[in-house]
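Chemist: Got a predicted model here, sequence first, then my questions.
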Amino acid sequence: MTALIAFDGVSLGYGRRAVLTDLSFEIPEGDFLGLVGPNGAGKTTILRAILGSLSPMSGAITRAEGLRFGYVPQRDQVDYNFPLKVLDVVLMGRYDRIGLARRPAARDRELALAALDHVGIAQLANEALSALSGGQRQRALIARALVGKPNLLVLDEPTNGMDLLSTTQILGLVRELHERDGLTVLMVSHALNEVANYVRRIALVQEGAFRVGAVDEVLTEETLGEMYGIPVEVDISGDHRTVFVRRESAMAVSDDV
Amino acid sequence: MFDSVLLFREALYGALVIAVACSTLGVYVVLRRIVFVGAALAELSSAGLALGLWLAGIGVASTLTTHPVALSVAVTLGGALFFGMSGARSRIPADATIGVVYAVAAAVGILLIAKAKTGEAHDIFLQGNILGITHSDTMVLVAVTVPVLLVHLVFFKEFVFVSFDRETARTLGYNVVFWNLLLYLTIGLVIAFAMQFAGVMLVFDFLVLPAVTGMLLSRSMAGMFAWAVASGLLAALAGFSLSVPFDLPSGPAIITVSGVIVFVAWLFRRR
């Protein structure tokens, strides 16, 4: 498998302060990788390095030739005050192909409508983005990422603030895009239990520590306990995993707080 | 009534040009939630004007007496660069930085004017004097406004994209810093030239109120621009036309009409 992204001994940080050191991993073509960790652990730092908006302090990040990102930002990163229709937003995914100072053509609109159809909201093309529900907005942003024909779909906290049903639907859609279309996916999330049952591989980041591998390799009580520093249980039911902190440890943590 | 307005038609033309320029750029100012950047840039512009007059008064740069706008433009563009480059990761919140610039620029402007030899006579520059606009002033305003609006027309989709979602724009290869700077510089340029005729309060009005009207009445970017420009023109025309025969100060009259338009727009707002 060709590696779309390869980190080789990479250290990342801001100014002179290193946040993460000696990261080495790859995102091969066809992968579905979950980058998981609590808020402030360094997920966004790794994501920015992957997207190229943060240069490594040391080491090398190699990107495959012709690599094209389909980026789905966190929903609250987008300003819904802008009076934009869903179709206008999806068309933005083709702006770099359309070129500077040129307007979208009929072909671009066709592709944008097809992308909306692909994520199941073609009927909302002419609705205001601000009028959509959280799940519909997320679908619109995914359609925008898809319309540029990416070879790596990157989603930043795609289910943040969503109810259970919307979360399941969005994660199901992303898995479908991976399985049906063969799209390589990187999903960044703080919600380990949500990600664990959808991705193929998982990268855990916690207080400077980093561990990456297949889900059943990484999601073990030993590895998680070592990473998080507290006793953790992994409940496996069929092909479904649930990770939780042992009750007495959770109580102790709660008392400390 | 209209005869007296026609006596000041050059001033009216100038006010209409300022209304078009500021109302158009005001759409970005309001949508990006940087309305007080507009106010701070206007204060910087007036401080630059005051600096020019003070320097001329102490004999450092006598040509600035006849061209006080030169320093005003330089200082405003410097401020625009500063705001355009300010990073989200700064320890000081963005609105606090804007507040510091606003307060200091306003105070320094007043101090410099107080000590400028020609200060009292030129105090009107800082408050604005729409009625004093001449034909050549209007031509200067047109010469600044037309290129700025052309840039915004040509690169409409780029400005909207970078304003709406800068991170995604960055992943698609957009130089977000460049587009931000270009936006701020065009806003700064328009403010610097509009300020010397319209004053801080009226420029701030044109940057904010017409865009708010557009926001209330439209569901598309093109519609918001159209309503903003139309309401800015209406406010300038109606406010000016009422101020002359009733001997009212033009700036506050225009701002009051703008406020009435916003209220009417709120009554008929799209839900």
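Modeler: Structure's in. What do you need? Residues are numbered from 1 along each chain as shown, chains lettered A, B, ... in the order given.
Chemist: which helices and strands does the strand or helix carrying A:I142 pack with?
Modeler: Assigned by DSSP states H and E, A:I142 falls within helix A:134-147. Helix A:134-147 is packed against strand A:69-72, helix A:86-91, helix A:106-118, strand A:152-156, helix A:164-181, with contacts defined by 3 or more CB pairs under 8 Å, 6 or more residues apart in numbering or on different chains; DSSP states H and E. C-beta coordinates here come from the backbone N, C-alpha and C atoms, glycine included.
Chemist: Which one, of these, ends up nearest to chain B?
Modeler: strand A:69-72 (4.2 Å; CB to the nearest CB).
Chemist: Give me the sheet partners of that closest one and which way each runs.
Modeler: Here strand A:69-72 is paired, per DSSP bridges, with strand A:152-156 (parallel).
Chemist: average pLDDT across the strand it pairs with?
Modeler: Strand A:152-156 shows a mean pLDDT of 97.
Chemist: That one versus helix A:164-181: what angle between them?
Modeler: 170 degrees (axes from the mean of the first three to the mean of the last three CA atoms, to 10 degrees).
Chemist: residues touching A:L54, list them.
Modeler: Shown in contact with A:L54 (CB atoms under 8 Å, 6 or more residues apart in numbering or on different chains): A:12, A:45, A:48.
Chemist: got a markdown table for the residues you listed, with neighbour count, pLDDT and secondary structure too?
Modeler: As requested, the contacts of A:L54 are exported to a markdown table (neighbours: other CB atoms under 10 Å in any protein chain shown; pLDDT from 0 to 100; DSSP: H, G, I helix; E, B strand; the rest coil):
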| residue | neighbour count | pLDDT | secondary structure |
| --- | --- | --- | --- |
| A:L12 | 22 | 94 | strand |
| A:T45 | 19 | 93 | helix |
| A:R48 | 16 | 94 | helix |
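Chemist: Please identify the helix or strand for A:V10.
Modeler: strand A:3-14.
Chemist: which helices and strands sit right next to that strand?
Modeler: Contact here means 3+ CB pairs under 8 Å, 6+ apart; on that basis strand A:3-14 packs against strand A:17-28, helix A:43-51, strand A:58-63.
Chemist: Which among these is found nearest to chain B?
Modeler: Across the helices and strands packed on strand A:3-14, closest to chain B is helix A:43-51 (CB to the nearest CB), at 5.2 Å.
Chemist: so which of the helices and strands packed on strand A:3-14 comes closest to A:D235?
Modeler: Closest to A:D235 of the helices and strands packed on strand A:3-14, according to CB to CB: helix A:43-51, at 24.5 Å.
Chemist: Can you give me the buried ones in stretch A:192-204?
Modeler: Using 16 or more other CB atoms under 10 Å in any protein chain shown as the test for burial, stretch A:192-204 gives A:192, A:194-196, A:198-199, A:201-204.
Chemist: Show me the contact partners of it.
Modeler: The set of residues external to stretch A:192-204 that reach it, using CB under 8 Å, 6+ apart, is A:25, A:31-37, A:46, A:159, A:167, A:171, A:174-175, A:185, A:187, A:189, A:210-215, A:218-219, A:223-224, A:227, A:239-243.
Chemist: Those residues of the stretch 51-200 of chain B touching chain A, which are they?
Modeler: Listed as neighbours of chain A in the stretch 51-200 of chain B under the rule CB under 8 Å from any CB of the partner chain: B:89, B:154-155, B:157-158, B:160-161, B:163-165, B:167-174.
Chemist: And the buried ones among these, selectable in PyMOL?
Modeler: Selection of buried members from those for PyMOL, criterion 16+ other CB under 10 Å:
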select buried, chain B and resi 155+157+158+160+161+163+164+165+167+168+169+170+171+172+174
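Chemist: quick one: stretch A:105-116 to chain centroid distance?
Modeler: Put simply, stretch A:105-116 sits 24 Å off its chain's centre (CA atoms, centre = their mean, to the nearest Å).
Chemist: Any residue of that stretch touching chain B?
Modeler: No. Counting by CB under 8 Å from any CB, chain B is not contacted by stretch A:105-116; separation bottoms out at 11.1 Å.
Chemist: Show residues contacting that stretch.
Modeler: A:86-87, A:90-91, A:93-94, A:97-98, A:104, A:122, A:124-125, A:140, A:143-144, A:146-147.
Chemist: And the residue of the stretch 1-150 of chain B that's closest to chain A?
Modeler: Counting by CB to the nearest CB, the stretch 1-150 of chain B gets nearest chain A through B:L31, at 5.6 Å.
Chemist: Isn't that residue up against B:S163?
Modeler: Yes. B:L31 lies in contact with B:S163 (CB atoms under 8 Å); the separation is 6.3 Å.
Chemist: Give the intersection of the neighbour lists for those two.
Modeler: Common neighbours of B:L31 and B:S163, using CB under 8 Å, 6+ apart, are A:79, A:82.
Chemist: How about the secondary structure of A:M187?
Modeler: Under the three-state scheme (DSSP: H, G, I helix; E, B strand; the rest coil), A:M187 adopts strand.
Chemist: burial count for it?
Modeler: Applying other CB atoms under 10 Å in any protein chain shown, we find 26 other residues in the vicinity of A:M187.
Chemist: repeat for A:G182
Modeler: For A:G182, the tally of surrounding residues (other CB under 10 Å) stands at 10.
Chemist: check contacts around residue 188.
Modeler: Just going to use chain A. A:34-36, A:43-44, A:47, A:154-157.
Chemist: Wait, chain B was what I had in mind.
Modeler: B:G188 neighbours (CB under 8 Å, 6+ apart): B:41, B:76-77, B:79-81.
Chemist: Mind doing that once more with 6 Å?
Modeler: Neighbouring residues of B:G188 by CB atoms under 6 Å, 6 or more residues apart in numbering or on different chains: B:41, B:76-77, B:80.
Chemist: Buried residues, stretch A:39-55. List them.
Modeler: Neighbour counts over stretch A:39-55 (16+ other CB under 10 Å) mark A:41-51, A:54 as buried.
Chemist: Can you give the distance of that stretch from its chain's centre?
Modeler: That offset, for stretch A:39-55, works out to 12 Å (CA atoms, centre = their mean).
Chemist: so how far is the first residue of that stretch from its last?
Modeler: Distance between the two ends of stretch A:39-55: 21 Å, counting by CA to CA, to the nearest Å.
Chemist: ditto for stretch A:140-154
Modeler: One end of stretch A:140-154 sits 14 Å from the other (CA to CA).
Chemist: do the same with stretch A:192-203
Modeler: 10 Å.
Chemist: and what of stretch B:83-97?
Modeler: With CA to CA applied, stretch B:83-97 spans 9 Å between its terminal residues.
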